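>>> When you get a sec, could you give me coordinates for this:
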Amino acid sequence: MVIRFLIANAFAVGGTVRTTFMVAGQLAEEHEVEVVSVYRLGDTMKLELDPRVRVRVLTDMRHASLGRLRRPAAGRPSRLIDRNDVRYPRFNLLTDAALLRFLRSVRDGVVVGTRPGLNLALARHGRREAIRIGQDHLNLDYPPELLAAMAEHYPRLDAVSALTKGTAAGYRELLGEGIRVECIPNPAPAVRGRRADLDARVVAAAGSLNRRKGFDRLIEAWARVAPSHPGWRLSIFGGGPERAALDAQIDALGVRSSTALRGHSPRLLEELARASVFAITSRKEGFPMVIVEAMALGLPVVAYDFPTGPSDIIDDGVDGFLVPEGRTRLLADALDTLMRDADRRRRFGEAALETVDRYRIDAIGARWNELFDELSATKASRRDAARARARA
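Model (predicted):
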């Protein structure tokens with residue numbers, strides 16, 4: 001089977017690119033797999049991709065590659081991509097032409113879109129001979145106009161894949177019974193036998209320093225718990241626009257001596273392995289991969305139970321703590337419990353390793369293969385029935 005993952009820009013760094021590359025590499029063990037990049041902005045691939053997976057670029061948007069004749073089309077807004085997709089400004093008439101040619105050319109195998117704008121284009125313009133799947137790497141927190149377009153056009157797809165049970169349920173409500181909706185989470189990273197140091201007096205957190213990630217909420221809880229635990233540190237990894245505000249909050253709450261904004265780390269798993277507790281206090285996420293990454297190292301996790309993600313992954317009181325959304329005192333209490341109790345940290349850490357088994361790349365690859373096989377059989381059955389009716 002030929003499997004094609006349709007992605008905006010394969011030369012970028014981000015969760016969608018990283019997890020798409022992981023799944024593509026796993027599926028390449030059995031199939032011919034291709035990552036189709038609608039446009040290219042970078043000179044080199046930023047993330048590692050299995051050499052068995054081919055990369056096809058539909059439009060090279062690097063300035064030196066555009067040429068005088070192509071630049072006018074590159075400067076005009078897209079008519080193919082829904083304007084309510086947050087990445088809409090990256091698309092243009094030049095990418096439209098290349099994407100439309102690609103969609104109309106694929107007559108077999110599987111095409112998996114990876115964002116709403118691409119999924120809608122696939123639903124509207126992809127050929128029905130191919131298996132067409134719309135994958136959502138976030139959740140249903142989209143503008144009403146985009147949700148309306150999805151409700152109208154997604155039923156033309158063969159299936160929709162969501163990362164969490166809650167998002168999948170939302171899609172079933174939005175789309176009705178006319179389309180198959182599956183929940184297939186992202187895979188855990190390969191940690192190569194690395195394990196967290198559960199005796200380290202470090203609570204770790206990681207993500208972009210923006211409001212959505214909610215590090216201001218974590219620092220507030222830390223200010224409550226830190227005085228009772230001299231020698232413990234809070235290490236937050238990542239960069240972003242809220243760094244200055246978070247620095248000011250750290251000083252205002254008097255926790256400068258125990259709190260560090262560590263910046264972006266290219267070796268995040270190594271840094272997390274030097275901690276003994278992981279905390280996540282986002283206001284919203286799609287599928288919080290960082291929880292799976294932490295648990296793959298055997299780290300117990302303390303998380304706010306925000307709308308999509310944590311409750312799908314964490315078994316409260318077994319491999320981590322789920323804290324009611326926004327309850328600062330309860331978050332501080334959960335951190336305090338794990339910081340005081342090394343034996344519980346070890347029990348939770350062992351349970352976390354067992355939890356992560358269901359997110360192993362081979363297990364996720366098997367779920368994709370099962371979906372492909374079932375959709376292929378359904379399409380073949382419908383094709384045979386149509387031929388039988390035509391002969392009758």
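
>>> Which helix in this protein has the most residues?
helix 361-391 (DSSP state H).

>>> And the helix or strand V33 falls within, what does it pack against?
Assigned by DSSP states H and E, V33 belongs to strand 32-37. Under the contact criterion of 3 or more C-beta pairs under 8 Å, 6 or more residues apart in numbering; DSSP states H and E, strand 32-37 touches strand 2-7, helix 15-27, strand 54-57. Bear in mind the C-beta positions are built from the backbone N, C-alpha and C, glycine included.

>>> so which of these comes closest to R217?
helix 15-27 (21.2 Å; C-beta to C-beta).

>>> the inter-axis angle of the closest one versus helix 361-391?
Going by axes from the mean of the first three to the mean of the last three C-alpha atoms, to 10 degrees, helix 15-27 is angled at 80 degrees with respect to helix 361-391.

>>> ok now helix 15-27, how far from the chain's centre?
A distance of 10 Å separates the C-alpha centroid of helix 15-27 from that of its chain, computed with C-alpha atoms, centre = their mean, to the nearest Å.

>>> Could I get the CA-only coordinates of it as CSV?
Extracted in CSV, the C-alpha atoms of helix 15-27 (Å, rounded to 0.1, in the frame of the first residue of the first chain):
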residue,chain,number,x,y,z
GLY,A,15,4.8,18.5,17.1
THR,A,16,2.9,17.7,13.9
VAL,A,17,6.1,17.3,11.9
ARG,A,18,7.8,15.3,14.6
THR,A,19,5.0,12.8,15.2
THR,A,20,4.2,12.5,11.5
PHE,A,21,7.8,11.6,10.8
MET,A,22,7.7,9.0,13.7
VAL,A,23,4.5,7.3,12.3
ALA,A,24,5.7,7.5,8.7
GLY,A,25,9.0,5.7,9.7
GLN,A,26,7.1,2.9,11.5
LEU,A,27,4.7,2.4,8.6
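
>>> Tell me which residues are up against that helix.
3, 5, 7-10, 33, 35, 46-50, 52-53, 114-115, 137, 186-187, 189, 286, 289, 361-362, 364-365, 368-369 (C-beta atoms under 8 Å, 6 or more residues apart in numbering).

>>> Narrow those residues to just the buried residues.
Those of the contacts of helix 15-27 that meet the buried threshold are 3, 5, 7-10, 33, 35, 49, 53, 114-115, 137, 186-187, 189, 286, 289, 361, 364-365, 368-369, by 16 or more other C-beta atoms under 10 Å.

>>> circling back: how far does the strand holding V33 sit from the chain's center?
Offset of strand 32-37 from its chain centre (C-alpha atoms, centre = their mean): 18 Å.

>>> contacts for that strand?
1-11, 20-21, 24-25, 27, 49, 52-58, 102, 109.

>>> give me the number of residues near P77?
Residues lying near P77 (other C-beta atoms under 10 Å) number 12.

>>> Touching, it and N92? I think so.
Yes: with contact defined as C-beta atoms under 8 Å, P77 reaches N92; the gap is 6.4 Å.

>>> Let me see the ranges of the helices in the stretch 101-250 of the chain.
116-125, 144-153, 165-175, 215-225, 243-252 (DSSP state H, counting those that start in this stretch).

>>> returning to what we had before: wait, which of the helices and strands packed on strand 32-37 is closest to D343?
Of those, nearest to D343 by C-beta to C-beta is helix 15-27, at 34.0 Å.

>>> could you give the angle of the closest one to strand 32-37?
Using the same axes, to 10 degrees: helix 15-27 against strand 32-37 is 170 degrees.

>>> now helix 15-27: mean pLDDT?
Mean per-residue pLDDT for helix 15-27: 94.

>>> Give the buried residues for it.
Across helix 15-27, burial judged by 16+ other C-beta under 10 Å covers 15-27.

>>> any idea which of those residues is closest to V225?
Checking the buried residues of helix 15-27 one by one against V225 (C-beta to C-beta), the nearest turns out to be G15, at 29.4 Å.

>>> mind checking which helix or strand L269 is in?
Per DSSP H and E: helix 268-272 holds L269.

>>> least trustworthy helix or strand in the chain by mean pLDDT?
Lowest mean confidence among the helices and strands of the chain (mean pLDDT, DSSP states H and E): helix 63-66, at a mean of 78.

>>> Now that helix: buried residues?
Neighbour count says helix 63-66 has L66 buried, by 16+ other C-beta under 10 Å.

>>> For the helices and strands packed on strand 32-37, could you give me TSV that also reports distance to A97?
Formatted as TSV, the helices and strands packed on strand 32-37 follow (distance: least, C-beta to C-beta, whole Å):
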stretch	distance to A97
strand 2-7	16
helix 15-27	23
strand 54-57	14
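
>>> how about those, which one is nearest V356?
Comparing these by C-beta to C-beta, helix 15-27 comes nearest, at 14.1 Å.
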